[in-house]
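In: Sequence and predicted model, in that order:
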Amino acid sequence: MKIEKVKLLDGKTVAITGSKSISNRLLILGKLFGDLKIENLSNSQDTQLLQKALNEDSETVDIHHAGTAMRFLTSFYAIQEGRKTILTGSERMKQRPIKPLVDALRELGAEINYLENEGFPPLEIFGKKIEKNFVKIPANISSQFITSLLLIGANLENGLEIELQGEITSRSYIKMTLKILKDIGIETRFEGNLIKILSSDSSLLNQQLDVHFHSSKIKHYTVESDWSSASYFYSLAAIGKKRIHLKSFYAFSLQGDSALKNIYLKFFGVNTISDAAEHLITLVPDVSFKYPEKFILDMNDCPDIAQTVCVTCVALKLPFEISGLGTLKVKETDRLVALQNELEKIGCKTEITENSIKSLEFFELKNDISIATYNDHRMAMSFAPFCLVKELDIQNEDVVEKSYPDFWKDFFEITEGF
Ligand SMILES: O=C(O)C1=C[C@@H](OP(=O)(O)O)[C@@H](O)[C@H](O)C1
Ligand SMILES: C=C(OP(=O)(O)O)C(=O)O
């Protein structure tokens with residue numbers, strides 16, 4: 001889609017859909033423990049695919065590009081006694097790792113086979129009762145493996161103790177899972193590299209709990225809007241220097257990507273003002289902000305907003321050096337390679353390693369820039385704010401549906417052509 005150069009309108013309000021990560025955890029927990037009324041559920045394709053899978057009894061389940069759905073459902077189906085499931089996904093999903101999770105589940109007694117390549121989807125899963133309650137798992141490849149085990153932990157007869165081995169990646173997502181479990185009444189403890197979950201019989205789960213600002217006696221859960229999606233509006237505010245209001249964000253978030261507030265304040269001068277009563281935040285750029293010499297940050301805790309930050313830096317010609325990005329290589333695409341290729345098109349030469357990216361030089365922009373998106377929603381959305389600088393062609397713009405189907409509608413509502 002060709003997008004002309006745009007300017008940002010001042011003071012517009014956007015209602016981003018619910019957090020994909022929180023929604024996907026709640027859907028699994030709702031299915032396992034029942035009685036969960038979820039509000040502001042994400043309308044992302046990933047969430048819809050997970051919801052569809054959980055509502056159907058079909059033997060073959062295809063979750064396309066949805067990484068969390070793939071990983072969370074692996075444990076879920078492993079404990080559905082008597083059920084056989086073939087869990088598959090897109091060609092890219094068949095290249096994304098799953099072995100540490102399958103090894104851990106097998107260690108616990110699950111029966112899972114690889115149908116194509118060893119260590120990768122598709123999987124054949126025979127649901128069984130799991131009685132063991134201790135397992136070790138490498139924690140440096142994807143936190144989704146750990147969340148997957150945590151989500152079923154309380155459903156196991158003897159609860160579950162998980163020993164995390166090696167460096168822990170995307171730790172904020174593990175904390176999110178533990179907080180949600182606590183909210184719905186499942187007791188957990190996370191000390192050092194050990195996480196312990198009590199079985200639902202011995203936890204508070206059977207009591208009626210009120211969570212997230214509801215006072216009625218059914219278990220309601222209101223999903224905060226998606227902070228990863230909010231990043232594109234922080235980028236717009238930082239580049240376009242106009243205020244934006246975002247609905248349904250809380251002052252205290254479960255989402256690690258809420259680190260955006262500090263990142264955009266410190267490096268780009270965008271203040272976040274929270275109206276706690278209305279659950280509204282306002283992004284307020286400081287027009288006389290003095291930029292630091294360089295953007296330097298370890299983003300291991302918030303990998304999904306790395307692409308956004310890179311494009312903001314290039315638009316503002318702020319040199320950058322970002323580390324902690326090893327997991328980017330196994331996401332929807334190799335995001336480090338994709339970033340290097342596409343940032344060069346918008347005027348920035350970079351150097352990448354296995355886990356980092358840094359800018360080398362900025363140069364004059366050419367005309368007719370066409371951004372490839374590699375089946376990665378975040379490539380399309382993170383480059384969109386660059387249209388405040390120059391017109392762009394963004395290829396396969398529909399990829400945004402994976403996490404934020406209304407992205408383009410919202411983008412065009414708060415911008416206008418010259
Ligand atoms: O648990 C989650 O909801 C997620 C965890 C992260 O993945 P990794 O742990 O693989 O980095 C993140 O990138 C992904 O978008 C969502
Ligand atoms: C990495 C992502 O998703 P997933 O791993 O769930 O496919 C993402 O949304 O950026």
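Out: Arrived safely, thanks for sending. Ligands and ions are numbered 1, 2, ... in the order given.
In: Stretch 308-325: how far from the chain's middle?
Out: 19 Å (C-alpha atoms, centre = their mean, to the nearest Å).
In: Flag every buried residue along that stretch.
Out: By 16 or more other C-beta atoms under 10 Å, the buried positions in stretch 308-325 come out as 308-316, 318-322, 324-325. Every C-beta, even on glycine, is put in place using the N, C-alpha and C of the backbone.
In: Of those, which belong to helices?
Out: Of the buried residues of stretch 308-325, the ones assigned to helices by DSSP state H are 308-315.
In: what about the closest residue to Thr272 other than its chain neighbours, helix or strand, and which?
Out: The shortest distance from Thr272 to any non-neighbouring residue, by C-beta to C-beta, 6 or more residues apart in numbering, is to Lys261 (4.4 Å). If you go by DSSP states H and E, Lys261 is part of helix 260-268.
In: Could you tell me which strands sit next to the helix or strand following that helix in the sheet, and their orientation?
Out: Sequence-wise, the next helix or strand beyond helix 260-268 is strand 270-275, with elements assigned using DSSP H and E. Here strand 270-275 is paired, per DSSP bridges, with strand 280-285 (antiparallel).
In: Give me the angle between the partner strand and helix 260-268.
Out: Going by axes from the mean of the first three to the mean of the last three C-alpha atoms, to 10 degrees, strand 280-285 is angled at 10 degrees with respect to helix 260-268.
In: who does the helix or strand following strand 280-285 pair up with?
Out: Downstream of strand 280-285, the first helix or strand assigned by DSSP H and E is strand 295-298. Note on strand 295-298: by DSSP bridges, its sheet partners are strand 320-323 (parallel).
In: what's the burial count for Leu365?
Out: If you count neighbours by other C-beta atoms under 10 Å, Leu365 ends up with 12.
In: now do the one 10 residues further on
Out: Each residue near Asn375 was counted by other C-beta under 10 Å, and the total is 18.
In: any idea what it is structurally, helix, strand or coil?
Out: coil (DSSP: H, G, I helix; E, B strand; the rest coil).
In: residue contacts, it?
Out: 65, 90, 92, 332-333, 396, 399 (C-beta atoms under 8 Å, 6 or more residues apart in numbering).
In: do that again at 10 Å, thanks
Out: Counting by C-beta atoms under 10 Å, 6 or more residues apart in numbering, Asn375 touches 64-65, 90-92, 332-333, 338, 396, 399, 402.
In: Can you name the residue of the stretch 51-200 of the chain nearest ligand 2?
Out: The nearest approach of the stretch 51-200 of the chain to ligand 2 comes at Gly67, 2.5 Å away (C-beta to the nearest ligand atom).
In: Tell me if I'm right that Ile186 and Lys196 touch.
Out: No: shown here, Ile186 and Lys196 do not form a contact pair, counting by C-beta atoms under 10 Å, at 11.3 Å.
In: And these two? Which one has more around it.
Out: With neighbours defined as other C-beta under 10 Å, Ile186 and Lys196 compare such that Ile186 has more, 24 against 16.
In: Where does the prediction get shaky in the stretch 1-150 of the chain?
Out: Nowhere does the stretch 1-150 of the chain drop to pLDDT under 70.
In: Contact residues of it facing ligand 1?
Out: Residues of the stretch 1-150 of the chain lying near ligand 1 by C-beta under 6 Å from any ligand atom: 21, 68, 142-144, 147.
In: from those, which ones fall inside helices?
Out: Going by DSSP H, the helices hold 21, 68, 143-144, 147 from those.
In: who wins for neighbours among the residues you listed?
Out: Neighbour-wise, those (other C-beta under 10 Å) top out at Ser21, 29 neighbours.
In: residues touching it, list them.
Out: Contacts for Ser21 (C-beta under 10 Å, 6+ apart) come out as 42, 46-47, 68, 144, 147, 172-173, 176-177, 180, 223, 226-228, 254-257, 304, 403.
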